[in-house]
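Asker: Here is a sequence with its predicted model. Questions after.
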Amino acid sequence: MLKINLMRFFAVASAVLFATLVQAQQPNTLPLSTQAESDGHALIDKMLGNVDQINYQGTFVFMHSGQLHTMRIVRGMVDGVVKERLTSLSGEPREVVRDTETVTCVWPNRKLVTVDPSTANHGIPTIVPRELESLTKNYDVVAGPINRIAGHKCKLLAIKPIDQFRYGYELCIEPDTGMLLRSKMIHPRGHLLEEVMFTHVEYLDSVDHINFHPENDIENFTWRKSTQATQHSRTQPQHQKGWRVSKLPPGFSVSKISQRIMTTSDEPVHHMVVSDGVASVSVFIIKPRQPKRLFEGLSRRGSINAFSRGFDEHQITVLGEVPNETVKMIGSSIVHSE
C-alpha cells in the first residue's frame, strides 16, 4: 500500500458576524420538504456571506483516522486582513498561523518552521461550499431540528450527495450568527469519517497582531519555504498542450492550476485542483529523479483516498476527501498533449 506523506492543517469553521434575517410576513405555502431545503440554503448562504466578519477564540476537537485531537483557535481581522492561529493541545506540539497569503506551521520539538502559500478557501473547511449554486447542483440539503453545541443553539443541516462520487455532510449552524459549531463527514455507506466540534467559543470585540504571533521563539529554527511559480484559475479543463484531465466525475471541474518548486524534483511540480464546489481533489504531477520507482494503485488514510500511477517517467498522484472511485477516475484519465 502506498505510503502518503500528507500535511493536514487542522482547520475548523470560521465564525460569522451577527446579522438579523428579515423574514417576509407571509404565510408559509411551501411543502414541508421544499421548506426544509429552502431553510437549509438560507442558513448556509448566511454563513458564507458573513464568514470573514467576526473575531473569536475557542477550543475544538477534531476526529480523523480514528484519532482525537484538541486544538485552540483565535481568528479575526487585523488591518483588513483575516488571520488565524491554531495551537495543538494534544499530541505533538504544533502551531499553524495563516492569513490570505501564507500558512506557517511551527513544530517546536523538531525546531522546524514550514511556510506554504495559503489556500483560496482560507478560513473555511473543505466540507463547506464556497458558493451555494454548486451545492444545489450536486447535493440535496435538508434542514433538521435544533441542537446544542458548546452552550449555543445550532440547527442541523443534512447535505446528501446525489451520486457515489462525493461524501455526505452534516452541519450544525447557530441560526442567529451563522457560526458553524460542528461538522461531520459521512461515507456513502453511512459511517462517520471525520468530525470537528467546538467545545468552547467566545466572540471578541477586536484582535491585535500579537494574537497571531507564534508562542515559541522560532528565530533559530530551520525554515522550509515552498515556492509557487505560476498559478491561474480555470472553470473547465482546456484541450490544449500540457497536462489535462480527459474525463471528470459528474459535477467536477478543474478550478486551479499551478506549478511549485520542490526539492524532490529538478522540474516544477504541476498541481491541479479539481472541485465540485464542496469537495476538492488535488492532482500532483512530478518527474522524480528516479523515475523507475513509481507508485501504482489506490491507498487510503482516514477520509482521504489517493490514487497513483506512472506516466512517461512522471509520478501522478491524486488525493482528496472523496470516495476512491473519484480519485481513480481522475487519475486514470490524466493525459499529456504535445
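Answerer: Alright, I've got the coordinates. Values in this document were obtained by computation on a predicted structure and should not be read as measured data.
Asker: Could you report the pLDDT at Ala13?
Answerer: Looking at Ala13, its pLDDT reads 26.
Asker: cool, Cys172 as well?
Answerer: We note a pLDDT of 94 for Cys172 in this prediction.
Asker: number of nearby residues for it?
Answerer: Cys172 has 24 neighbours, counted by other C-beta atoms under 10 Å. Any C-beta I mention is one placed from the backbone N, CA and C, and that applies to glycine too.
Asker: what's the answer for the one 4 residues further on, then?
Answerer: Other residues lying near Asp176 total 14 when counted by other C-beta under 10 Å.
Asker: Check His191 too.
Answerer: 7.
Asker: do Asn216 as well
Answerer: For Asn216, the number of neighbouring residues by other C-beta under 10 Å comes to 15.
Asker: what's the closest residue to it other than its chain neighbours sitting at in phi/psi?
Answerer: Counting by C-beta to C-beta, 6 or more residues apart in numbering, the nearest residue to Asn216 once its immediate chain neighbours are dropped is Pro108, at 4.9 Å. Reported as degrees, to the nearest 10, the phi and psi values for Pro108 are phi -60, psi -40.
Asker: now the one 5 residues further on
Answerer: According to degrees, to the nearest 10, the main-chain angles of Val113 amount to phi -130, psi 130.
Asker: What of Gly40?
Answerer: According to degrees, to the nearest 10, Gly40 has phi -60, psi -40.
Asker: what does Gly320 give?
Answerer: phi 180, psi 170.
Asker: try Arg110
Answerer: Torsion angles at Arg110 (phi, psi; degrees, to the nearest 10) stand at phi -90, psi -10.
Asker: Run a quick neighbour tally on it.
Answerer: Neighbour number of Arg110 under other C-beta under 10 Å is 13.
Asker: Under the pLDDT cut-off, which ranges of this protein? List them.
Answerer: Flagging of the chain using pLDDT under 70 yields the residue ranges 1-37, 119-132, 227-241, 262-266.
Asker: quick one, domains of it?
Answerer: With domains defined by automatic domain parsing, the chain comprises 32-212, 227-337.
Asker: Among those, which comes closest to Ile218?
Answerer: domain 32-212 (5.3 Å; C-beta to C-beta).
Asker: what pairs with Gln57 across the strands?
Answerer: Note on Gln57: beta-bridge partners Val74, Glu202, judged by DSSP bridges.
Asker: Is there a neighbour count for it? I'd like the number.
Answerer: Gln57: 19 neighbours (other C-beta under 10 Å).
Asker: Which stretches in the stretch 51-200 of the chain count as helices?
Answerer: Counting by DSSP state H, counting those that start in this stretch, one finds helices in the stretch 51-200 of the chain at the ranges 132-138.
Asker: Spell out, range by range, the strands that occur in it.
Answerer: Using DSSP state E, counting those that start in this stretch, the strands of the stretch 51-200 of the chain run over 55-64, 67-78, 81-88, 95-98, 102-107, 112-117, 139-149, 152-161, 168-173, 180-186, 192-204.
Asker: now those strands in TSV, with distance to Ser258?
Answerer: Output for these, formatted as TSV (distance: least, C-beta to C-beta, whole Å):
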stretch	distance to Ser258
strand 55-64	26
strand 67-78	26
strand 81-88	22
strand 95-98	18
strand 102-107	15
strand 112-117	8
strand 139-149	27
strand 152-161	27
strand 168-173	27
strand 180-186	26
strand 192-204	26
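Asker: Lys225 is nearest to which of the ones you listed?
Answerer: Closest to Lys225 of the strands of the stretch 51-200 of the chain is strand 112-117 (C-beta to C-beta; 4.5 Å).
Asker: same for that closest one, what does it pack against?
Answerer: Counting contacts by 3 or more C-beta pairs under 8 Å, 6 or more residues apart in numbering; DSSP states H and E, strand 112-117 is packed against strand 102-107, strand 222-225.
Asker: List the buried residues of it.
Answerer: 113-114, 116 (16 or more other C-beta atoms under 10 Å).
Asker: Comparing the helices and strands packed on strand 112-117, which stretch has the densest surroundings?
Answerer: Highest mean neighbour count among the helices and strands packed on strand 112-117 (mean count of other C-beta atoms under 10 Å): strand 102-107, with a mean of 18.
Asker: All good on my end, thank you.
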